[in-house]
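Visitor: Following is a predicted model, sequence given first.
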Amino acid sequence: MNQEWNKNLHLNPEIIEQCKQIKPVDIIVGVLCKDVEATVLNVLNVINEGLYRYFPDYNKAIVTCDGGSTDKTVEAINLFQPYNSIKQIVTQDITVVGKGAGVMTILEIAHEAEAKSVVLMDGDLLSIKPAWIQTISNPIIYGRADLTVPYYIRDKNDGVITNNLVYPFTRALYGIDVRQPIAGEYALSKNLYEILRKHPLFPPDFGVDIFILTVAAAEGGYVKEGLFSLKIHESTTRYLEPEKFLIPMFRKVTGSMFELAKYYEDYWKNRSQLQRKGFYRECFSQKPIPVKIDIDNLKKSFHHEFESSKEIMRHFLPSEIMTDLENIVKNDKAFDSDLWAEVVYNYATAYKNTEKEPDRYLLLDSLKTLWIGRFVSYAIETKDMDINEAETVLQKQAEVFEEKFNYLRSIY
């Protein structure tokens, strides 16, 4: 899809008129919905309660965007009645192409309503509480951040795209230690959302999460973790079918991440390097929900996919790395974080030099295979570890990405 997919899209005139009637707004909470009939009404009621309880003296609104639901989500949304002090706008996404389109719709409404802050929430949240709205909003409202990102308590085998790829890559390039850069929920300042809505790389799909964080970091915004909780959402169950849900998400997120690295090359290449090392803090909060994985099955998938795509990988990786990878598969050796960091950096470099969409698809698909291989090694290494021991492994991996940052600079 064209990177500037949103340039000829405009809000419905009726929605613009509703925005005029409620402006100026202090806080807009935007709820992103697609096929969430079982959860959305509770999400809206909890947000309603949170706004009413914690922000009684503010002008506030709830904006609900439906992204082309095929179930009874729209009927469930229409059952919702906010408190009299809370305005409401219900609309369809500006275009039905993915989560990014829903975010764009909310940001356009925020612009028209002259909103001072925006909170984004998914409509399939099961664990949402009224206090979430206050916790994630306060750094924005008090002028102490441009973006707040949640830190969700997760099992060591959850967040697989984040842990082994997005977190260490983002931390190394942009110097921000935000543990869950694609957490899904955010609070944004007006300064930030105005930059985002005009940005040429605004993605229409799952890539929107890493887009929000990366732009905030690279454009000089203040980014903070601002919500600490256990997250349960209905869509997690869909990741039990990885080929159907998780793998397409991998392509969208990684593609957006690499595209942004290309766009902000001058920023990260020239910034002073920071390295965090030696402090591995202990989490003693409530325990996350365990995530079961089938290591043997994942290993078979990795070996099979590697054999079928290794000739493609040779286009993107130097021969010495390919030799190491073939040795891992042939002799069933560990795929360590040092090699993984070099693989990722070479793929980021190859992406920069790959213009055609079919070639980029092959690139991301072959990286997905290697990502599975790295995850298998991580899962074996941490099999008998508790959450803190496993987290230390991930922190040390992020340090490796930082240590090899000059390697990326040299090849990019």
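Guide: Yep, it's here.
Visitor: What segments of the stretch 1-150 of the chain are helices?
Guide: Using DSSP state H, counting those that start in this stretch, the helices of the stretch 1-150 of the chain run over 13-22, 40-54, 73-78, 99-112, 130-141.
Visitor: going on from the helix or strand containing residue 161, what's the next piece of helix or strand?
Guide: Here residue 161 sits within helix 160-161, counting by DSSP states H and E. Later in the chain than helix 160-161, the nearest helix or strand by DSSP H and E is helix 167-174.
Visitor: in the stretch 251-400 of the chain, which segments are predicted with low confidence?
Guide: Within the stretch 251-400 of the chain, the stretches with pLDDT under 70 are 275-278.
Visitor: Once you drop chain neighbours, what's closest to the residue nearest the centre of the chain?
Guide: When CA atoms, centre = their mean is applied to the chain, the residue found nearest the centroid is residue 182 (2.0 Å). Counting by CB to CB, 6 or more residues apart in numbering, the nearest residue to residue 182 once its immediate chain neighbours are dropped is residue 209, at 3.9 Å. For glycine as for every other residue, the C-beta is placed from the backbone atoms N, C-alpha and C.
Visitor: The one you found: how many residues sit nearby?
Guide: Number of residues near residue 209 (other CB atoms under 10 Å) recorded here: 28.
Visitor: Wait, it touches residue 183, no?
Guide: Yes. Shown here, residue 209 and residue 183 form a contact pair, counting by CB atoms under 8 Å, at 7.2 Å.
Visitor: Checking the residue nearest to the centre of the chain next. Helix, strand or coil?
Guide: Classification of residue 182 using DSSP: H, G, I helix; E, B strand; the rest coil returns coil.
Visitor: wait, what's in contact with it?
Guide: Residue 182 makes contacts with 161-162, 166, 209-210, 213, 253, as judged by CB atoms under 8 Å, 6 or more residues apart in numbering.
Visitor: May I ask which of the residues you listed has the most neighbours?
Guide: Neighbour counts for the contacts of residue 182 (other CB under 10 Å) peak at residue 209, which has 28 neighbours.
Visitor: Can you point out the helix or strand that includes that one?
Guide: Going by DSSP H and E, residue 209 is in helix 208-218.
Visitor: Just the C-alphas of that helix, formatted as CSV.
Guide: As requested, the backbone C-alpha atoms of helix 208-218 are provided in CSV (Å, rounded to 0.1, in the frame of the first residue of the first chain):
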residue,chain,number,x,y,z
VAL,A,208,1.1,1.8,13.9
ASP,A,209,2.3,1.0,17.4
ILE,A,210,6.0,1.0,16.6
PHE,A,211,5.4,4.1,14.4
ILE,A,212,4.0,6.1,17.3
LEU,A,213,6.9,5.2,19.6
THR,A,214,9.7,5.7,17.1
VAL,A,215,8.4,9.0,15.9
ALA,A,216,8.0,10.3,19.5
ALA,A,217,11.7,9.3,20.2
ALA,A,218,13.2,10.5,16.9
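Visitor: In contact with the nearest residue to residue 362 once chain neighbours are set aside, which residues?
Guide: Leaving out its chain neighbours, the residue that sits closest to residue 362 by CB to CB, 6+ apart is residue 312, at 5.4 Å. Residue 312 sits next to 362, 365-366 when contact means CB under 8 Å, 6+ apart.
Visitor: Name the residues that touch whichever helix or strand comes after the helix holding residue 209?
Guide: Per DSSP H and E, the first helix or strand lying C-terminal to helix 208-218 is strand 223-230. Contacts to strand 223-230, defined as CB under 8 Å, 6+ apart, come from residues 127, 129, 132, 135-136, 138-139, 144-153, 176, 178-179, 185, 187, 213, 216-217, 285-286, 288-289.
Visitor: Over to stretch 100-111?
Guide: Stretch 100-111 is contacted from outside by 6, 9, 11, 15, 19, 25, 28, 30, 32-34, 63, 65, 67, 89, 91-95, 115, 118, 120, 190, 193-194, 196-197, 202-208, 211-212, using CB under 8 Å, 6+ apart.
Visitor: Can you turn the buried subset of these into a selection I can paste into PyMOL?
Guide: The buried residues among the contacts of stretch 100-111 can be selected in PyMOL (16 or more other CB atoms under 10 Å) with this line:
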select buried, resi 6+11+15+19+25+28+30+32+33+34+63+65+67+89+91+92+93+94+95+115+118+120+190+193+196+197+202+203+204+205+206+207+208+211+212
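Visitor: looking at the helices of the stretch 1-150 of the chain, which is closest to residue 258?
Guide: Within the helices of the stretch 1-150 of the chain, the stretch nearest residue 258 is helix 99-112; the backing value is 16.2 Å (CB to CB).
Visitor: And the closest one, how far out from the chain middle?
Guide: Chain-centre distance of helix 99-112: 17 Å, with CA atoms, centre = their mean, to the nearest Å.
Visitor: cool, and stretch 329-345?
Guide: What separates the centre of stretch 329-345 from the centre of its chain is 24 Å, taken as CA atoms, centre = their mean.
Visitor: What are the buried residues along that stretch?
Guide: Buried-residue list, stretch 329-345, by 16+ other CB under 10 Å: 329, 335-337, 339-345.
Visitor: for stretch 384-403, same thing?
Guide: Using 16+ other CB under 10 Å as the test for burial, stretch 384-403 gives 387, 390-391, 393-395, 397-402.
Visitor: For the stretch 251-400 of the chain, which segments are assigned as helices?
Guide: Counting by DSSP H, counting those that start in this stretch, the stretch 251-400 of the chain has helices at residues 265-270, 295-313, 319-331, 337-352, 357-381, 387-403.
Visitor: what packs against the third one?
Guide: Same thing as helix 319-331. Judged by 3 or more CB pairs under 8 Å, 6 or more residues apart in numbering; DSSP states H and E, helix 319-331 is in contact with helix 295-313, helix 337-352, helix 357-381.
Visitor: let's go with 6 Å and repeat that
Guide: Packing contacts for helix 319-331, counted by 3 or more CB pairs under 6 Å, 6 or more residues apart in numbering; DSSP states H and E, involve no helix or strand.
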